[in-house]
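Asks: Here is my input, please return the structure:
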Amino acid sequence: MPTDINLYDLRVLGKSLEETEFAVIAALQFVRQLFNERGAKIIHGANLSLSIPHDVRNYACGRTPVCERQNVWWRARLNRRSRRPR
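Replies: Numbering: from 1, shown residues only. Predicted coordinates for the structure are as follows:
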């Protein structure tokens, strides 16, 4: 493993599903804030292996609060890349 690597350990499992969902959204916002503040890629990857049950009557596939937050984060990253000079 490279000696100049920094690891971020963002714990997102709460005591309830609501706490877990909130913690996941907060972790995604934290990562986005790092990108915005430093103007550079601080975190080069993230592993989100989650299974958060949701009420299918209220949220379609890909429309849960966690999915929506991830979509916002991903669009921001794509927009930032497209503005870079080549």
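Asks: From residue 27, how far out is residue 47?
Replies: Per CB to CB, to the nearest Å, residue 47 is found 12 Å from residue 27. To be clear about C-beta, it is placed using only N, CA and C from the backbone, and glycine gets the same treatment.
Asks: So for the two, which residue has more residues nearby?
Replies: For residue 47 versus residue 27, the count of surrounding residues by other CB atoms under 10 Å is larger for residue 27: 17 against 5.
Asks: Report the secondary structure state of the more buried one.
Replies: Counting by DSSP: H, G, I helix; E, B strand; the rest coil, the backbone at residue 27 sits in helix.
Asks: which non-adjacent residue is nearest it?
Replies: Excluding its sequence neighbours, the residue lying closest to residue 27 (CB to CB, 6 or more residues apart in numbering) is residue 10, at 4.2 Å.
Asks: who's in contact with that neighbour?
Replies: The contact partners of residue 10, by CB atoms under 8 Å, 6 or more residues apart in numbering, come to 27, 30, 31.
Asks: Reformat those residues as JSON lines; add pLDDT and distance to residue 74.
Replies: Listed next are the contacts of residue 10 as JSON lines, based on pLDDT from 0 to 100; distance: CB to CB, whole Å:
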{"residue": "27", "pLDDT": "85", "distance to residue 74": "15"}
{"residue": "30", "pLDDT": "87", "distance to residue 74": "15"}
{"residue": "31", "pLDDT": "82", "distance to residue 74": "11"}
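Asks: Quick one: these as JSON lines, columns for distance to residue 79 too.
Replies: Shown next, in JSON lines, are the contacts of residue 10 (distance: CB to CB, whole Å):
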{"residue": "27", "distance to residue 79": "21"}
{"residue": "30", "distance to residue 79": "19"}
{"residue": "31", "distance to residue 79": "16"}
